[in-house]
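Engineer: Take this sequence and fold it.
(one chain, ligands or ions: 1)
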Amino acid sequence: MNTKILVLGAGAIGGYFGGRLVEAGQDVTFLVRLNRKKQIEGNGGIVVINSVNGNYTFKPTLITKEEGDGNVEYDVVLLSSKSYHLQASIEDLKPFIGKNTLVIPLLNGIQHISILEQAFGRERVLGGLCVVETTLNDKGEIHQPSELNQLIFGQLDGGTTEKLNQLAQAFGSTKAKFTLSESITQDMWNKYLMITTMSSITTLMRTPLGTIRDSVGGLEFIESVFKETESIMRANGAPLSDGIVDRYMTLVKTISSQFKTSMQRDMEKGLEIEGDHIQGYILQLAKQHNISAPLLRCAYQNLCVYNEMLKARSNQ
Ligand SMILES: CC(C)(CO)C(=O)C(=O)O
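Structural biologist: I've put the predicted structure just below:
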């Protein structure tokens, strides 16, 4: 069966995973903003992936919301927008969501799930996440510098269906690792714990992970941020895996010393960041459960100051 795949965006994440699906011969269309379309057309209609997992250059099928007639029904949508573009992305996607379309969101965090369920209907929204280090350079090429290139998806209530098994098959033969999970809600909370901690420390210290972990007291500091975040999530009933902090601390000790988070990369480029969606939401939960969270407060304040600087710069 031909699976019709729509990828929202052809940027660092959508372009990477969508490109891997094109490479594997899948039927993929990219729904992009006019600016990105012009940039790709300016590059001869070509998107370049430079990746340690294999370079690939491809000519994507592009549509913009202005061009979409809404008559094609997609089996699945990969939604990789930033949290602050979520509402706009929902509006862009609406004409392309049919009765049987499934939406796999790849955003960090958890709050977007209920927003998507409201917009598209509970039965159409899956859970999803990606673990991939990827960024766009100023020519619009995708740079994917580490072996981490996994996309995980599954039903929010657990279990699986025939349709999901078919999707897993369609996704199965690519150079990226697509995994069907029967416990995606837990996977999403686990990843949320990881990204809250990693983005907090890397944006605070403004250096790749290696320097932070090798500094005096660095590992203890990182573990304290993990534990503070974990305690808030558990107080809120998050289904985190047992021993999850130990697992992530092993990752912290073994991952490339050059590792950077996407929030850190966005900051380096002077772009908008997802602090409210990631740290801000956890701090709201901390308040609700009366938990003091001094480390996350500090990380979040740093992000708020960055936002203020961005605002001042854009008013100049
Ligand atoms: C997995 C990780 C940490 C990769 O950089 C990520 O999701 C992010 O930075 O947003």
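
Engineer: When you work out contacts or count neighbours from here on, use the C-alpha atoms and nothing else.
Structural biologist: Will do.

Engineer: where does Glu67 land on pLDDT?
Structural biologist: pLDDT recorded at Glu67 is 80.

Engineer: What about it, how many residues nearby?
Structural biologist: Per other CA atoms under 10 Å, the neighbour tally for Glu67 reads 9.

Engineer: go on, the one 3 residues further on?
Structural biologist: As a burial measure, the neighbour count of Gly70 was computed by other CA under 10 Å and equals 14.

Engineer: List the contacts of Thr3.
Structural biologist: Gln26, Asp27, Tyr74, Asp75, Val76, Leu167, Ala170 (CA atoms under 8 Å, 6 or more residues apart in numbering).

Engineer: secondary structure element for Glu41?
Structural biologist: Under the criterion of DSSP states H and E, Glu41 resides in helix 34-42.

Engineer: orientation of the helix or strand that that helix is followed by relative to helix 34-42 in degrees?
Structural biologist: Using DSSP H and E, the helix or strand that directly follows helix 34-42 along the chain is strand 47-51. Angle, strand 47-51 to helix 34-42, by axes from the mean of the first three to the mean of the last three CA atoms, to 10 degrees: 90 degrees.

Engineer: which other helices and strands contact strand 47-51?
Structural biologist: helix 14-23, strand 56-58, strand 142-144 (3 or more CA pairs under 8 Å, 6 or more residues apart in numbering; DSSP states H and E).

Engineer: can stretch 66-85 be found next to the ligand?
Structural biologist: No - using CA under 6 Å from any ligand atom, stretch 66-85 stays clear of the ligand, with a minimum separation of 9.9 Å.

Engineer: buried residues in that stretch?
Structural biologist: Glu73, Tyr74, Asp75, Val76, Val77, Leu78, Leu79, Ser80, Ser81, Ser83 (16 or more other CA atoms under 10 Å).

Engineer: And stretch 217-227, by the same measure?
Structural biologist: Gly218, Phe221, Ile222, Glu223, Val225, Phe226, Lys227.

Engineer: Contacts for it, please.
Structural biologist: Leu193, Met194, Thr197, Ile201, Ile212, Arg213, Val245, Met249, Leu295, Leu296.

Engineer: mind checking the SS state of the first one?
Structural biologist: In other words, Leu193. helix (DSSP: H, G, I helix; E, B strand; the rest coil).

Engineer: so it touches Ser231, yeah?
Structural biologist: No - counting by CA atoms under 8 Å, Leu193 does not reach Ser231; the two are 10.2 Å apart.

Engineer: Compare the two (neighbour count), which wins?
Structural biologist: Taking other CA under 10 Å, Leu193 and Ser231 do not tie; Leu193 has more neighbours (27 against 15).

Engineer: For the more buried one, give its distance to Ser199.
Structural biologist: 10 Å (CA to CA, to the nearest Å).

Engineer: in the stretch 101-250 of the chain, which segments are predicted with low confidence?
Structural biologist: Within the stretch 101-250 of the chain, no range satisfies pLDDT under 70.
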